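Asker: Okay, here's the prediction I keep looking at, along with the sequence it came from:
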Amino acid sequence: MFYIRPMTQDLFTVDAEGARAPEQNSRLAPAYMQGLNPPQREAVETLEGPVLVLAGAGTGKTRALTTRIAHLLMTGTAHPQEVLAVTFTNKAAGEMRERVEALIGQPTTGWWLGTFHSLAARILRIHASALGADSFNQNFTILDDDDQLRLLKTLLIDNNLDPKAHSPRAVSNAISRWKDRGWVPEKVPLDDIPSGLCDGQLGRIYDAYQSRLLELNACDFGDLLLHNLTIFRINSAILETYQHRFRFILVDEYQDTNVAQYLWLRLLAAKYQNIACVGDDDQSIYGWRGAEVGNILRFETDYESAKTIRLEQNYRSTGNILAAASALIANNSERLGKTLFTDDAPGSTLHVRGLPDGNEEARFITDEVESLHRQGRNYRDFAILVRSSSMMRAIEERMIDVGLPYKVFGGPRFYERKEIRDAIAYLRLIRQPDDDLAFERIINVPKRGIGQTTVAKVLGFARMSRISAMRAIDVMIDTDELPAAARKKLVAFQQMIGQWRELMNTMPHTELAAQVLEDSGYRDMWRNEKTPDARGRLENLDELVGSMGNFENLAGFLEHISLVLDTNAASGGDELSLMTLHAAKGMEFPVVFLPGWEDGAFPNMRAMTESGDKGLEEERRLAYVGITRARQELYILYVGSRFLHGQWNYSRPSRFVEELPEDLLDIDDISGASMFAGSLSAEGRSGGLGSLYGVGASGARDIGALPPLEWADKRQFRGQDSPGMNRLKTNLDTVKRGNPPIIDGTFDPVGFASRDASHGFVSGQRVFHRKFGYGIISAVEGEKLVIGFDAAGEKRVIASFVVDAAEAS
DNA sequence: AGCCTTTCCCTTTTT
DNA sequence: GGGAAAGGCT
């Protein structure tokens, strides 16, 4: 039996006097329940059955959820290992963990409490082999964005498609979107074919990508959930195990679940239906990631005995802030509608400031922070929330200048630095030699004389024979396909990795990492580099090795970096927070700055051109999220001109500013934007979109002259359909017939490429080889052939490099 | 092969 | 502005 129910959790047995019975714990209930209002209490105390908590911003929904977990445990209704608590982001998961620990006074290590992706990865690690793919096993690598793009690019080239004409990025987006929708493309699918690829081509790329991932023992983010679904569907025993195990399921931010996540939850909750979801349709900001607000609406039909509880009393923000947020969101047409109220005083007005440019905006923020800090605020009381991370730089630079302590969430990340990624690639390859993306990254870094040509040959052969590069080397070093010098170097590389691989089992992982970086010459490479940032890179490597100490083993560390791309989450110093609006979901701060409220930037022009009114409404919800993060003071900022992408752009205030009730605001506009707005009214405004790109300083671009959308021109092709595309269409039909997007038997599990190695060559056959010319096969050893060539003499070559002499032109 | 310079392209949000 | 790729030079 693969699953042994761990009974090591000591929640009920920590008492010094011996085992503490659940009944005794229940007497503690009043303490942690104190201060809850009646609906919150109801949400906590409805221990069994499906519960949907529709809760507005700042109504204490996460508190209700965590208290519910505590209550489940304290009343003895649930054992810790029977609880599955799911959040969207790592930060939310960490926060939930903290709160639960505070409530029950116990560590929650090992509990099933985390993000969708981390929990799905955990299950997939246990059951990877149940997927049925030859090479896919528990050591699988989780690919990130960059790996995915590089892989797609090579696959495009293999399929004779030009990566310039058919951007790997667009293909990647399309694939991710399908996956987010659980392969049930309700809205986008057939129109969502990027840049002139006909659907047959895209389907082929998709299939090639998917089977390549399995050959490399790798999966992408979307696969984590999808493979779970596949396993659950083809192996009901596994599904039942988990249905039985997770008797209590809790979900935060339910409005942001996509179809794949929805299906995953539904399958798991099917048996006991003890599922409690908390969400707010007004805070749905992940539509672009496939989030379905409809999942909230569907809850009551999915679970017949569902109980819906509304939390409408806001405990977070002042009256003015709440009123402004409510007025803004009232402009959205698609909403369930909630009326939030607060008993708090109105508080300050909202501070709206128009400033000349981005530097002045940054200066205003730091000045204001310092002045409030002098009045007794801590730095950690402040948050600066931006629409896009590119807006962070100016603010960051300013804060460095004046020496304010700050922390960036979701900006350029530690793990995305080149040296860190290289170091991790070494470790990935040592742990999982089939990881070609890691291989490609470090095969010649530092330089070891294995050039582009050699690497291209190895990788090309690997893809052709549907094996990984390291395995391809095994084959190729026995043959004459590569020059002797190259073979020698490849062998040396392989042996180097092999030695470390052996050390992996005996040596602590931090020591191994240090040794790998030293022995590989990677550290020396940076030591010898004279650029100013080389020293910093070496320090980063030290930091990486140091941070590995926080993990039990190499596997745990690698899992962490692929799922939790956030190093400084745990620093609790007195620092102000700088992050995107998306990253701020679920958080609150006494003082919030919202810079960059300019039309075109926010609401973001792309969001609107791509998704029209729906896009605008999502942007408005984002604004709503931003405003409702603030407890006491709120600053909304816009500038008259901003330096973006190497060019000055003139702008006018966001339409969202106009949607705020004027009597709640104190406005001070020195942006000069109104002047431009006036001059723009003829052309810019009539365009209906913002003027962010309207008039460049150099008179560069005009709204009407924007480049045509790349996504136009989609379906004039009728290429032959691939299995992947057929699958899509089948599912599309299912949905069109009015069926809910459920997994059913009609929908195939991931398709696998069969590994048919038989080539059909026989001894005595006359063949042609591109490099060695014509010859006669003297022996066949699996896929290797020994051939006596007319000109080159006897050589060992690989069957796939050879064609029958008659077929050679 | 390797190194330096130029050119081109992108540029929302994230697990 | 910034990164990747292509081109050009040693």
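Answerer: That came in fine, so what should we check first? Bear in mind the structure is a predicted one, so any value in this text is a computation, not a measurement.

Asker: which residues touch the residue in the stretch 451-600 of chain A that DNA strand B sits nearest to?
Answerer: Of all residues in the stretch 451-600 of chain A, the one sitting closest to DNA strand B is A:Gly451 (2.3 Å; C-beta to the nearest atom of the strand). Glycine gets a C-beta too; all of them are placed from N, C-alpha and C. Going by C-beta atoms under 8 Å, 6 or more residues apart in numbering, A:Gly451 touches A:Asn444.

Asker: Swap in 6 Å and give it another go.
Answerer: Neighbour list for A:Gly451: empty [criterion: C-beta atoms under 6 Å, 6 or more residues apart in numbering].

Asker: go on, A:Asp282?
Answerer: A:Asp282 neighbours (C-beta under 6 Å, 6+ apart): A:329, A:335, A:621, A:624.

Asker: I'd like to know how many residues surround the second one.
Answerer: Just to be clear, that refers to A:Arg335. 16 (other C-beta atoms under 10 Å).

Asker: Am I right that it is in a helix?
Answerer: No - with DSSP: H, G, I helix; E, B strand; the rest coil as the criterion, A:Arg335 is located in coil rather than a helix.

Asker: list the contacts for it?
Answerer: A:281-282.

Asker: Contacts only, for A:Leu785.
Answerer: Here A:Leu785 is in contact with A:777, A:797, A:799 (C-beta under 6 Å, 6+ apart).

Asker: 10 Å - rerun?
Answerer: A:479, A:759, A:761-763, A:765, A:767, A:769, A:775, A:777-779, A:795-802 (C-beta atoms under 10 Å, 6 or more residues apart in numbering).

Asker: Which of the residues you listed fall within strands?
Answerer: A:767, A:769, A:775, A:777-779, A:795-798, A:802 (DSSP state E).

Asker: distance of A:Arg620 from A:Asn295?
Answerer: A:Arg620 sits 20 Å away from A:Asn295, taking C-beta to C-beta, to the nearest Å as the criterion.

Asker: of these two, who's got more company?
Answerer: A:Asn295 (24 against 21).

Asker: in which helix or strand would I find the more buried one?
Answerer: helix A:294-302 (DSSP states H and E).

Asker: which residues sit against the helix or strand following that helix?
Answerer: Downstream of helix A:294-302, the next assigned helix or strand under DSSP H and E is strand A:307-311. For strand A:307-311, the surrounding residues in contact (C-beta under 10 Å, 6+ apart) are A:37-44, A:46, A:49-56, A:58-61, A:63-64, A:276, A:278, A:280, A:296, A:299-300, A:336, A:338-340.

Asker: Run through the stretch 701-809 of chain A and note the low-pLDDT ranges.
Answerer: A:701-758, A:809 (pLDDT under 70).

Asker: That one against DNA strand C: which residues are in contact?
Answerer: The stretch 701-809 of chain A has no residues near DNA strand C, with proximity defined as C-beta under 7 Å from any atom of the strand.

Asker: For A:Arg125, give me its contacts.
Answerer: Per C-beta under 10 Å, 6+ apart, neighbours of A:Arg125: A:137-140, A:555, A:559.

Asker: and it, what pLDDT?
Answerer: pLDDT, A:Arg125: 94.

Asker: What residues sit buried inside the helix or strand where it lies?
Answerer: Assessed by DSSP H and E, A:Arg125 sits inside helix A:116-127. Across helix A:116-127, burial judged by 16 or more other C-beta atoms under 10 Å covers A:116-121, A:123-124, A:127.

Asker: Contacts for the helix or strand following that helix, please.
Answerer: Downstream of helix A:116-127, the next assigned helix or strand under DSSP H and E is strand A:141-142. Outside of strand A:141-142, the residues within contact range by C-beta under 10 Å, 6+ apart are A:117, A:121, A:124, A:147, A:213, A:216-221, A:223-224, A:428-429, A:431-432, A:434-438, A:558-559, A:561-563.

Asker: hmm, 8 Å instead?
Answerer: Contacts to strand A:141-142, defined as C-beta under 8 Å, 6+ apart, come from residues A:121, A:216-221, A:224, A:428, A:432, A:435, A:437-438, A:558-559, A:562-563.

Asker: The next helix or strand after it - contacts with which helices or strands?
Answerer: On the C-terminal side of strand A:141-142, the closest following helix or strand by DSSP H and E is helix A:145-158. Packing partners of helix A:145-158 (3 or more C-beta pairs under 8 Å, 6 or more residues apart in numbering; DSSP states H and E): helix A:168-180, helix A:199-215, helix A:436-442, helix A:452-464.

Asker: what angle do the longest one and helix A:145-158 make?
Answerer: Following axes from the mean of the first three to the mean of the last three C-alpha atoms, to 10 degrees, one obtains 120 degrees for the angle between helix A:199-215 and helix A:145-158.

Asker: near DNA strand B, which residues of the stretch 351-500 of chain A show up?
Answerer: So the stretch 351-500 of chain A meets DNA strand B at A:387-390, A:410, A:447, A:449-454 (C-beta under 7 Å from any atom of the strand).

Asker: Can you pick out the most distant pair from the residues you listed?
Answerer: A:Arg387 and A:Gly449 (47.1 Å; C-beta to C-beta).

Asker: Which of the two has more residues huddled nearby?
Answerer: Remark: of A:Arg387 and A:Gly449, A:Arg387 carries more neighbours, 24 against 11, as counted by other C-beta under 10 Å.

Asker: which non-adjacent residue is nearest that one?
Answerer: Nearest residue to A:Arg387, sequence neighbours excluded (C-beta to C-beta, 6 or more residues apart in numbering): A:Phe602, at 4.2 Å.

Asker: Can you give me the neighbour number for that neighbour?
Answerer: There are 28 residues near A:Phe602, going by other C-beta under 10 Å.

Asker: Which residues are in contact with A:Asp162?
Answerer: So A:Asp162 contacts A:Leu156 (C-beta under 8 Å, 6+ apart).

Asker: Selection in ChimeraX covering whichever of the contacts of A:Leu785 are buried, please.
Answerer: To isolate the buried subset of these in ChimeraX, counting by 16+ other C-beta under 10 Å, use the following:
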select /A:479,761,765,767,769,775,777,795,797,798,799,801,802
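
Asker: Need the residues of the stretch 351-500 of chain A next to DNA strand B in JSON lines (columns: pLDDT).
Answerer: Below are those laid out as JSON lines (pLDDT from 0 to 100):
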{"residue": "A:Arg387", "pLDDT": "93"}
{"residue": "A:Ser388", "pLDDT": "89"}
{"residue": "A:Ser389", "pLDDT": "85"}
{"residue": "A:Ser390", "pLDDT": "83"}
{"residue": "A:Gly410", "pLDDT": "67"}
{"residue": "A:Lys447", "pLDDT": "82"}
{"residue": "A:Gly449", "pLDDT": "80"}
{"residue": "A:Ile450", "pLDDT": "83"}
{"residue": "A:Gly451", "pLDDT": "79"}
{"residue": "A:Gln452", "pLDDT": "78"}
{"residue": "A:Thr453", "pLDDT": "79"}
{"residue": "A:Thr454", "pLDDT": "84"}
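
Asker: what about burial for these, which qualify?
Answerer: For these, buried by 16+ other C-beta under 10 Å: A:387, A:389, A:410, A:450, A:454.

Asker: separation between the second one and A:Gln34?
Answerer: For A:Ser389, the distance to A:Gln34 under the criterion C-beta to C-beta works out to 40 Å.

Asker: Now do the contacts for the nearest residue to A:Phe589 once chain neighbours are set aside.
Answerer: Excluding the flanking residues, the one nearest A:Phe589 by C-beta to C-beta, 6+ apart is A:Ala383, at 3.9 Å. By C-beta under 8 Å, 6+ apart, the contact set of A:Ala383 is A:576-579, A:584, A:587, A:589, A:591-593, A:629.
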